[in-house]
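Visitor: I'd like to go over a predicted model; first the sequence, then the structure.
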Amino acid sequence: MKRNIGIVLLTAIVGGLVGAAVGIALDGRDSGSAAAAPRPSAASSAVTASAEGRADPTPEQVYRRDAPGVVVITDTQTEVIPPTFFTPEQKQQVGALGSGFVIDRKGDVVTNDHVVQGSTGIRVGFDGGATYAAKLVGADPSTDVAVVRVQAPASVLHPLTFEGSTLLPGDAVYAIGNPFGLDRTMTAGIVSAVGRDIDAPNGLAIPNAIQTDAPINHGNSGGPLLDRAGRVVGVNAQIEGGTVDANVGVGFAIPTATARRVAAQLIATGRAQHAWLGVRVATIDPSWTKLLRGLPSHGVAIIRVVKRSPAADGGLRAASRTVTVNGADVPIGGDSITAVEDRPIFTSSQLADAIAIRKPGEHVRLQLVGHGGTRTVTVRLGNVPGEGSGVP
């Protein structure tokens, strides 16, 4: 669950999530009333009055309502004792511990791809200690989202409100999961930042991740990040630990908008598709343009164009060399992307977002600056290559 350290420059490779149109209903409990609740502020009191006169739930109320919908996911083909009572030796025998949460009455559970990756048998544990066999519906290493379906009685299925809300830094959030096998542990914190890029299991970039200081640790992976109203706003996925293999107050969650779309695709077809441009880019620092000719005042410089990619087919050119400016390696001699469909691009994250809202096969118009001139090209986006495709 540890996040790779370093600047992610692959943001333009991951793209459009197309599950919104498949018509799969992801049923959340009390979704109507939860959706109407106002976005809470971290500076509010434990119980705040909404514009409609209703009160936001207290942390205790959020836990009582949502904790039964959070599950323990283990890699095993045998019945196990409740995870709260695992000894260290038993944890090793059972396999990797992870978290997940129920999203509908059919038994669909959202978790991380890296939680179920390579599993030989999946079991899902519920509040009270009962565990049931589950099957993998689908997994997407490009977004680190997976769905498993558990064969459990309806009485133990408690779907969470899987709709999310608009988040701002400072907003209060809760995490419920199974750190170190301690089932249904709740922690609290705030949104530290939004719009982060984190690495997916296949090395691509997941844009718009939520950064939080709510303590999450190994075993929290796949569990929900909740807003103050108890709605799922993210799927806890990674921690930044540096040299410490535990929480240091920097965790990351996949945003609900991404997780919902991918989950819908996985439930409908078992697979997820993402629009793909096929470039590696670096955000242009305005200070570079004061010292170098040929770079635009804003945009992203193309560091690499993947062979046989849509970018290659569209004639996009990567930098031919780098020069050092104020201690930074600056790519020059290639194209820079300054706009997508006439909307200016200032950062690599913005380019990733512009591709992410589109579908494989869709045409997109790019404004480029390079080789002393400005030009516009239209590129037909592809689908992110899978393993064994031969595309590096």
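Guide: Cool, the structure landed.
Visitor: what's the next secondary structure element after the longest strand seen in the chain?
Guide: Longest strand in the chain, counting residues (DSSP state E): strand 185-199. The first helix or strand that comes after strand 185-199 along the chain, using DSSP states H and E, is strand 205-212.
Visitor: How about residues contacting that next one?
Guide: 8, 10-11, 13-14, 142-144, 167, 173, 175, 189-200, 225, 233-234, 237, 250-255, 257-258, 349, 352-353, 356 (CB atoms under 8 Å, 6 or more residues apart in numbering). The way it works is simple: take the backbone N, C-alpha and C, and place the C-beta from them, glycine included.
Visitor: Could you tell me which of these count as buried?
Guide: Applying 16 or more other CB atoms under 10 Å to the contacts of strand 205-212, the neighbour count classes 8, 10-11, 13-14, 142-144, 167, 173, 175, 189-192, 194, 196-200, 225, 233-234, 237, 250-255, 257-258, 349, 352-353, 356 as buried.
Visitor: Show me those residues that map onto strands.
Guide: 173, 175, 189-192, 194, 196-199, 225, 233-234, 237, 251-255.
Visitor: Tell me the secondary structure at His158.
Guide: Three-state call for His158 (DSSP: H, G, I helix; E, B strand; the rest coil): coil.
Visitor: Check the spacing between it and Gly234 real quick.
Guide: 19 Å (CB to CB, to the nearest Å).
Visitor: How about Val194?
Guide: From Val194 to Gly234 the distance is 10 Å (CB to CB).
Visitor: same check, this time on Trp276
Guide: Plainly put, Trp276 is 24 Å away from Gly234 if you go by CB to CB.
Visitor: Likewise for Thr143?
Guide: Thr143 is 12 Å from Gly234, by CB to CB.
Visitor: do Val137 as well
Guide: Val137 is 20 Å from Gly234, by CB to CB.
Visitor: Could you do Thr289 as well?
Guide: Thr289 is 36 Å from Gly234, by CB to CB.
Visitor: try Gly128
Guide: Distance from Gly128 to Gly234, by CB to CB: 26 Å.
Visitor: What of Asn178?
Guide: Counting by CB to CB, the separation of Asn178 from Gly234 is 17 Å.
Visitor: Could I get the contacting residues of Asp342?
Guide: Counting by CB under 8 Å, 6+ apart, Asp342 has contacts Arg365, Gln367.
Visitor: and if you look at the one 3 residues further on?
Guide: If a contact means CB under 8 Å, 6+ apart, then Ile345 has His298, Gly299, Val300, Ile337, Thr338, Ala339, Leu351, Ala354 as its contacts.
Visitor: Make a markdown table from those and add distance to Asn326, secondary structure and neighbour count to it.
Guide: Shown next, in a markdown table, are these (distance: CB to CB, whole Å; DSSP: H, G, I helix; E, B strand; the rest coil; neighbours: other CB atoms under 10 Å):
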| residue | distance to Asn326 | secondary structure | neighbour count |
| --- | --- | --- | --- |
| His298 | 18 | coil | 18 |
| Gly299 | 19 | coil | 26 |
| Val300 | 19 | strand | 28 |
| Ile337 | 23 | strand | 28 |
| Thr338 | 22 | strand | 19 |
| Ala339 | 26 | strand | 20 |
| Leu351 | 23 | helix | 25 |
| Ala354 | 28 | helix | 22 |
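Visitor: Among these, find me the one that's closest to His114.
Guide: Leu351 (25.5 Å; CB to CB).
Visitor: State the pLDDT value of that closest one.
Guide: Leu351 carries a pLDDT value of 92.
Visitor: Okay, buried residues for stretch 148-163 please.
Guide: For stretch 148-163, burial by neighbour count (16+ other CB under 10 Å) applies to Val148, Arg149, Val150, Ala152, Val156, Leu157, His158, Pro159, Leu160, Thr161, Phe162, Glu163.
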